[in-house]
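Q: Output the structure for:
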Amino acid sequence: MIACHALQKYGGSIIQINELSHTGGIVMDVKSMIFGSARAQAKQSGAYKGSTQEWLPIVGIEDDVIITKDGRYIKIIEILPVNFYLKSYMEQQSIILSFSQYLKITPDNLQIHVRTQKADINAYEKRMWEYYDKESNERCMEMIADNIDMVRYLAVNEAVTHRFFIVIQLEEGMKTRSDDIADISARLYEEAQTARKYLDFCGLESIEWENPGEAVIALLYEIINKKTANNIKIPGSVSSMFSEVYEYEGGQEE
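A: Have a look, this model is predicted:
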């Protein structure tokens, strides 16, 4: 529920993102994977008519498992990439072999998702302007201003950041002790650990989020609001933002 309120407060437009499925070479859409298809979905109780919460096909997030209105459970793993072409021939062959072994045991709907964003230079620019204000030499001030202009140009035209993700969901073949969210989360955690082990053989490190739930909410916010997210950042603590939304809706904190 926190995720729905958080995304409702910072609502925006949806972007189209492509994903790859290793089964049959089918090209799918990661937005459909996360937010569901156009088929009828269960109506979420407590959502205001016409609100983002009513439209958003997410019931909530437990730990880092996304629960959709059509009853799917999804887990996202962030991966740090390596430059394959800088590896030796033997290392490349080892990576290919390890990844091929993982593909033999992956879930049927393994998703590979790449996010590309323009570099965020706000912190750097702020620091440079602080240097500019403290500088007394006019020539040095000109050099700092030129540097800021150059960085701005690079950020707009050339500098981009890339983030890589693997997306898995609970499937019929994945046995769980019960339908309880704790057991489902534990089963997806096992799948994630298997993925991390094989990707580690490939030299790929997976990121262990310090706060998985808030990291997933921030990622969904960036996917839904690609342009807005460049200028308006989601607060570091989603819990505090939820409190603000709760107060705005007329609730009272205990």
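Q: contacts and neighbour counts: CA atoms only from here.
A: Fine.
Q: which residues touch the nearest residue to Tyr198 once chain neighbours are set aside?
A: Nearest-residue entry for Tyr198: Tyr102, 5.9 Å, with adjacent residues in sequence omitted and distances by Cα to Cα, 6 or more residues apart in numbering. Contacts for Tyr102 (Cα atoms under 8 Å, 6 or more residues apart in numbering) come out as 195, 198-199.
Q: Return the set of buried residues in the helix or strand encompassing Tyr102.
A: Per DSSP states H and E, Tyr102 falls inside helix 89-103. Using 16 or more other Cα atoms under 10 Å as the test for burial, helix 89-103 gives 95, 98-99, 102-103.
Q: For my notes, please list those in CSV and give distance to Gly60 for each entry.
A: Putting those into CSV (distance: Cα to Cα, whole Å) gives the following:
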residue, distance to Gly60
Ile95, 36
Ser98, 35
Phe99, 32
Tyr102, 30
Leu103, 30
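Q: Adding distance to Ile217 and pLDDT, write those out as a markdown table.
A: Formatted as a markdown table, the buried residues of helix 89-103 follow (distance: Cα to Cα, whole Å; pLDDT from 0 to 100):
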| residue | distance to Ile217 | pLDDT |
| --- | --- | --- |
| Ile95 | 32 | 93 |
| Ser98 | 31 | 92 |
| Phe99 | 29 | 92 |
| Tyr102 | 28 | 92 |
| Leu103 | 28 | 91 |
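Q: farthest pair in these?
A: Spanning the widest gap among the buried residues of helix 89-103 are Ile95 and Leu103, at 12.3 Å by Cα to Cα.
Q: pLDDT weak spots in the protein?
A: The model of the chain has pLDDT under 70 over residues 1-47, 159, 230, 235-254.
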